[in-house]
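Engineer: Requesting a structural model of the entry that follows:
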Amino acid sequence: MSVFRRASDAVNGVVEKALLLSGGAISVILFAQVAARYTGHSLSWSEEVGRHLLVAITFLGATVAYKRAGFIGLKGVGARLGPTAERAIVRLLQILTLSCFLLVAFFGTRYTVTAWEQTSSALQIPMSIPFASIPVSAAVFVLHVLSDLFPRSDA
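Structural biologist: From the prediction side, this is the model:
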């Protein structure tokens, strides 16, 4: 097993646990929000926290779906052209995917760093904290794609 594969598996395990915790947290927070409104009160921070958690769950959940090959597969031209052509097309798609996520990681990091001065309305935290889910998820995607590109170690 390659170093990338081991790292990808380990990071995916951490992300899955984070998703479980985030999903539980969003459920509790939204239930508390409904209960508070029913009693005539409002949790001013609950909508903002719920929104930020939902965004993080979406981005991180996509990395787990990629790792588990949970996206819809496409059987197309490559399958009809033979195994050599199919491997070449898959390799090209992996390189394009890697390039895309490297760009998302780069620009997401730049955006996250520049957003440090902005604060959220209810929590008054730097917006870089919730925005960080974008470059972090992109970096996890990069790791997963690298583990697909280099499935075995040469050592």
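Engineer: CA atoms for contacts and neighbours, from now on please.
Structural biologist: Will do.
Engineer: Give me the three-state assignment for L43.
Structural biologist: coil (DSSP: H, G, I helix; E, B strand; the rest coil).
Engineer: right, and it touches Q33 too?
Structural biologist: Yes: here L43 reaches Q33: they are 5.9 Å apart, a contact under CA atoms under 8 Å.
Engineer: of the two, who's got more company?
Structural biologist: Using other CA atoms under 10 Å as the criterion, L43 and Q33 rank with Q33 on top: 19 against 16.
Engineer: Contact partners for the more buried one?
Structural biologist: Taking CA atoms under 8 Å, 6 or more residues apart in numbering as the contact definition, Q33 lies against 42-43, 46.
Engineer: V64 - how many residues pack around it?
Structural biologist: By the criterion of other CA under 10 Å, V64 has 21 neighbours.
Engineer: From G24, how far out is the closest residue in space to it that isn't next to it in sequence?
Structural biologist: Distances taken as CA to CA, 6 or more residues apart in numbering place N12 nearest to V64, at 6.4 Å, with adjacent residues excluded. As judged by CA to CA, to the nearest Å, N12 and G24 stand 18 Å apart.
Engineer: neighbour-wise, which of the two wins?
Structural biologist: Shown here are N12 and G24; by other CA under 10 Å, N12 has more neighbours (22 against 11).
Engineer: if I look at the residue nearest to V64, how far off is L43?
Structural biologist: Taking CA to CA, one finds N12 at 33 Å from L43.
Engineer: Quick check, central residue of the protein?
Structural biologist: L60 (2.7 Å; CA atoms, centre = their mean).
Engineer: what's the model's confidence in the biggest helix by length in the chain, averaged?
Structural biologist: Criterion DSSP state H: the longest helix present in the chain is helix 3-38. Across helix 3-38, pLDDT averages out at 96.
Engineer: Pull out the buried positions in it.
Structural biologist: 4-5, 8-9, 11-12, 15-16, 18-19, 22-23, 26, 29-30, 33 (16 or more other CA atoms under 10 Å).
Engineer: where does the chain have low pLDDT?
Structural biologist: The chain contains residues with pLDDT under 70 at 70-78, 153-155.
Engineer: Helices of that one, start to end?
Structural biologist: Under DSSP H, the chain gives helices at 3-38, 46-67, 77-81, 83-114, 128-131, 133-149.
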